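Q: Sequence and computational prediction follow.
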Amino acid sequence: MLQAPPEFYLWPEHVDAFNLFCDLGTQWRTGVDGITGLDYTAVVAHMRMVGVMNKNMRPRYAEIREMETGALVAKAEMKAEREKAQ
């Protein structure tokens, strides 16, 4: 049976970056072992497409990179747990 994901709350100043990160869900690069990171060309193109202006691009890009790192760490932890359970 599937469990509901835990609830979480965002500070208002992080909502825009979180929404951008969610928009990039199909822009992951993959390798033999799964996802390896975001396609940064697609990240920048998407930010321009949705109207993130140049002065806001660096901070948003940095926030997306932080979330990318967190996602990669979480994915590695989940893989290690699965392998340990086998």
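A: Cool, got the structure. Keep in mind the model is a prediction, meaning the values are calculated, not measured.

Q: make it CA atoms for all contacts and neighbour counts henceforth
A: Noted.

Q: Now do the helix or strand where Lys55 lies: which elements does it pack against?
A: Assigned by DSSP states H and E, Lys55 falls within helix 54-85. With contacts defined as 3 or more Cα pairs under 8 Å, 6 or more residues apart in numbering; DSSP states H and E, the packing partners of helix 54-85 are helix 15-23, strand 34-38, helix 40-49.

Q: For Glu63, find the nearest of those.
A: helix 15-23 (6.3 Å; Cα to Cα).

Q: From the contact counts, what lies against the next helix or strand after that closest one?
A: Sequence order places strand 28-31 as the next helix or strand after helix 15-23, per DSSP H and E. On a contact count with 3+ Cα pairs under 8 Å, 6+ apart, strand 28-31 meets strand 34-38.

Q: one more time with 10 Å
A: If you count contacts as 3 or more Cα pairs under 10 Å, 6 or more residues apart in numbering; DSSP states H and E, strand 28-31 packs onto strand 34-38, helix 40-49.

Q: Throw those into TSV and include distance to Leu10, thanks.
A: Shown next, in TSV, are these (distance: least, Cα to Cα, whole Å):
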stretch	distance to Leu10
strand 34-38	22
helix 40-49	20
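
Q: just to revisit the earlier point, of all the helices and strands packed on helix 54-85, which lies closest to Glu81?
A: Of the helices and strands packed on helix 54-85, nearest to Glu81 by Cα to Cα is strand 34-38, at 15.5 Å.

Q: Closest to the centroid, which residue in this protein?
A: The centroid of the chain falls nearest to Glu68 when counting by Cα atoms, centre = their mean (4.0 Å).
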